[in-house]
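Asker: Kindly return the folded structure for what I paste below:
(chains A and B)
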Amino acid sequence: MVGESNNLAVEASGLTKVYGSGNTEVQALRGVDLSLARGEVIALLGPSGAGKSTLLTIVGLVNPPTAGRIMMEGKPVVSEDRFVVDVRTFRRRHMGFVFQKANLIPFLTAAENVRVAMEINDYSPRAARNRAMELLDYLGVADRADAYPNTLSGGQQQRVAVARALANSPSLVLADEPTAALDSVRGRQVMELFRKVAHEQKAAVMVVTHDHRALDVFDRALEMEDGLIRGTAVAVP
Amino acid sequence: MNLALKDIRHNFGRFALTSIGIGLLLMLVMGMGGIYRGLVDDATLLVNRINADLWVVQKNTRGPFAEVSRIPANAEDRVRAVPGVASSNDFVSHTIQREQAGRPLRMTVQGLSWPQDKGLWLPLIAGRRLEQAHFEMIADKSLGLPLGHRMALGKDTYTVVGLTRNMASTGGDSMVFVTLADSQAIQYDQSGEAVRMEREARKSRASDFDPGRVQPEILHRAAGPSSGIPALGPPPVSAVLVKVTPGADPAQVAATIASWPDVSVYTADAQRRLLVSGMVDKSRRQLGLFRGLLIIVSAIIMALILYTLTLDKIHDIAVLKLMGARNFVVINLILQQALLLGTIGYGIAYGVGQWVFPVFPRRVMIVDEDLWLLAGIVLGISVLASLLGIWRAMKVQPNEVIS
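Answerer: Residues are numbered from 1 along each chain as shown, chains lettered A, B, ... in the order given. Coordinates of the predicted model:
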């Protein structure tokens, strides 16, 4: 088991999510338990409708569960069907997101896309500028710092998105099919990037993916089905 | 980092075109206000410039600006004899239309009681005042007549000796100033044939009654010029302008003159009120309503533009929200763009207006008070218009990025 309880970035228990009611009721999560340690990178696998994205939005404090409990950084953040923290502040300070599409803001350059995440978190412009350049350099796209997203390749855009996700030194990075739009080589590079980030930046990384080719990159790979985590799909030594 | 400016920088062409569109729309609002002001100012221009204390006009009429007013020319002498009257002048004004270089030239001819009134109150921008009793004119610059230009009016030719600016009648026609006698000569000008026929008719009428038959001199006079017949007075004037002596009570002077059976008396304020509430009232209200409608249309167009600009960024706003951006970051993005659009639009309206308004056929009078008022309205419109975009931005959920 990676990490001890005081090193846990996320500790969720009994997460359920029900959409609709009566005849239209859909149970997306059926009591999911999940622990994620800092520095750990896990993959969340499963067919469409298994509940992966629902779990990601609940852990990402985007949607509340119908019931359950989530602790982050040792503090309760979700209790039953409501958030017990200011979710925007919490997301801003402790979380980073990466998606299938990079979702970079088109009117900002690569460096500005990274800076904006820090400036909305009250970094000074100078500190934000310096850290943005550090991160772009770390991810190998410093030479494209002044380029607008529409002039970047798919892989470069995802690297900038990862840099943005890491900008505020989050304890948790959530990625939803980040390699779906990339070829296998670039896809693997991005997955390896997550591993590097998790281990070097001491962030917990949870990646929802369908890509089984790069599972060796992850510390754990969890298989979801019908709203439950059925078990570990692959154990990586 | 200012997201509003970054967005504008990236989409500069679209923002510039939108600003120009808003600017031209605001220029119409500004111009409409200026036309409104110009209309009212033109209407009261003469009353203000002449600065008479009292206007003596034909009995039961509202004065020469509202309707035809004719009083005997000797009324001026009678008025001058009233205690408390410092000076009095005849007022004659009529509008004529001639052709100049193939285009119609419409002007209001204003008679000055020369030599008492040489037009010292006129705002000359070039040339000089009237220095002789006949055949000189001061013209408004908008007529396009240069100094020294000679123009035939009636049987005489007049030389432009001075130029004024923004002197227009209540109807918006540019003014020319000549002596009172010349003004009446122009107004009552008749062809030689008409004069001959009138003299023959007078001679015929005189020969049909006894004094004409027994007094050959009467028949002789009847066939001659009007001025030779004591029974025919000089042409009437439109009004008599009265200046009251310092210390005298204008109301008392007015009451004395108003007691005569052939005239009515108005103060300058009453003339102004009559002009604004009567003569130009409908145009004034029409322009006011149209201006109000234009403001509403501008507000709706701005709201739709800002809403569309917000919709274009709705995905980016969802990304910002997912990253944890506070509401004010998003509100600032929309509001700052709205204010910038309004400010730049206002600047364009003012700048283009300075260039375009002077070529309008009627005076467009832009005053500071109206500029400040419009600035306040544009500020209000910008804020109100952005509310629709802000409302949409507040509704967007961060999970729209994930889905």
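
Asker: Tell me the secondary structure of A:Ser169, please.
Answerer: coil (DSSP: H, G, I helix; E, B strand; the rest coil).

Asker: ok, the residue lying closest to it once chain neighbours are set aside to A:Leu135 distance?
Answerer: Nearest non-adjacent residue to A:Ser169, counting by C-beta to C-beta, 6 or more residues apart in numbering or on different chains: A:Gln201, 6.8 Å away. Using the backbone N, CA and C atoms, a C-beta is placed for each residue, glycine as well. According to C-beta to C-beta, to the nearest Å, A:Gln201 and A:Leu135 sit 10 Å apart.

Asker: ditto for B:Ser69
Answerer: Between B:Ser69 and A:Leu135 the computed distance is 86 Å (C-beta to C-beta).

Asker: cool, and B:Val352?
Answerer: Counting by C-beta to C-beta, the gap from B:Val352 to A:Leu135 is 47 Å.

Asker: neighbour-wise, which of these two wins?
Answerer: A:Leu135 (26 against 17; other C-beta atoms under 10 Å in any protein chain shown).

Asker: Can you pull the phi/psi pair for the more buried one?
Answerer: phi -70, psi -40 (degrees, to the nearest 10).

Asker: what's the distance between the closest residue to chain B within chain A and B:Leu309?
Answerer: Closest approach between chain A and chain B, counting by C-beta to the nearest C-beta: A:Arg92, at 2.7 Å. In this structure, A:Arg92 and B:Leu309 are 25 Å apart, going by C-beta to C-beta.

Asker: Repeat that for B:Tyr158.
Answerer: 60 Å.

Asker: A:Leu108 contacts A:Val116, doesn't it?
Answerer: Yes - the criterion here is C-beta atoms under 8 Å, and A:Leu108 meets it with A:Val116 at 6.2 Å.

Asker: In chain A, mark out all the helices, start to finish.
Answerer: A:52-59, A:87-94, A:110-119, A:125-138, A:154-166, A:184-201 (DSSP state H).

Asker: again with the stretch 251-400 of chain B
Answerer: B:268-274, B:281-312, B:314-322, B:327-356, B:368-395, B:399-402 (DSSP state H, counting those that start in this stretch).

Asker: So for the shortest one, mean pLDDT?
Answerer: Read it as helix B:399-402. Averaged across helix B:399-402, the pLDDT comes to 74.

Asker: Check which helices and strands that helix is in contact with.
Answerer: The contact analysis (3 or more C-beta pairs under 8 Å, 6 or more residues apart in numbering or on different chains; DSSP states H and E) places helix B:399-402 against helix A:52-59, helix B:314-322.

Asker: Could you identify which of the ones you listed is most buried?
Answerer: Comparing those by mean neighbour count (mean count of other C-beta atoms under 10 Å in any protein chain shown), helix A:52-59 ranks first with a mean of 24.

Asker: and it, how far from the chain's centre?
Answerer: Offset of helix A:52-59 from its chain centre (C-alpha atoms, centre = their mean, to the nearest Å): 10 Å.

Asker: what's in contact with it?
Answerer: By C-beta atoms under 8 Å, 6 or more residues apart in numbering or on different chains, the residues outside helix A:52-59 that reach it are A:10, A:12, A:15, A:17, A:28-29, A:32, A:34, A:44-46, A:63-65, A:68, A:70, A:78, A:172, A:174, A:176, A:206, A:208, A:224, A:227, B:399, B:402-403.

Asker: which residue packs closest to the residue nearest in space to the middle of chain A, ignoring adjacent ones?
Answerer: What sits nearest the mean C-alpha location of chain A, by C-alpha atoms, centre = their mean, is A:Leu174, with 0.7 Å. Distances taken as C-beta to C-beta, 6+ apart place A:Gly60 nearest to A:Leu174, at 4.9 Å, with adjacent residues excluded.

Asker: The one you found and A:Val98 touch, don't they?
Answerer: No - counting by C-beta under 8 Å, A:Gly60 sits too far from A:Val98 to count as a contact (11.1 Å).

Asker: Which residue, neighbours along the chain excluded, lies closest to residue 140?
Answerer: Reading this off chain A. Using C-beta to C-beta, 6+ apart, the closest residue to A:Gly140 is A:Arg159 (6.5 Å).

Asker: wrong one, chain B
Answerer: Counting by C-beta to C-beta, 6+ apart, the residue nearest B:Asp140 is B:Ser174, at 4.0 Å.

Asker: For B:Ile366, give me phi and psi.
Answerer: Dihedral angles (degrees, to the nearest 10) for B:Ile366: phi -100, psi 120.

Asker: quick one on the thing from earlier: quick check: the residue of chain A closest to chain B touching A:Glu119?
Answerer: No - applying C-beta under 8 Å, one finds A:Arg92 not in contact with A:Glu119, separated by 10.8 Å.
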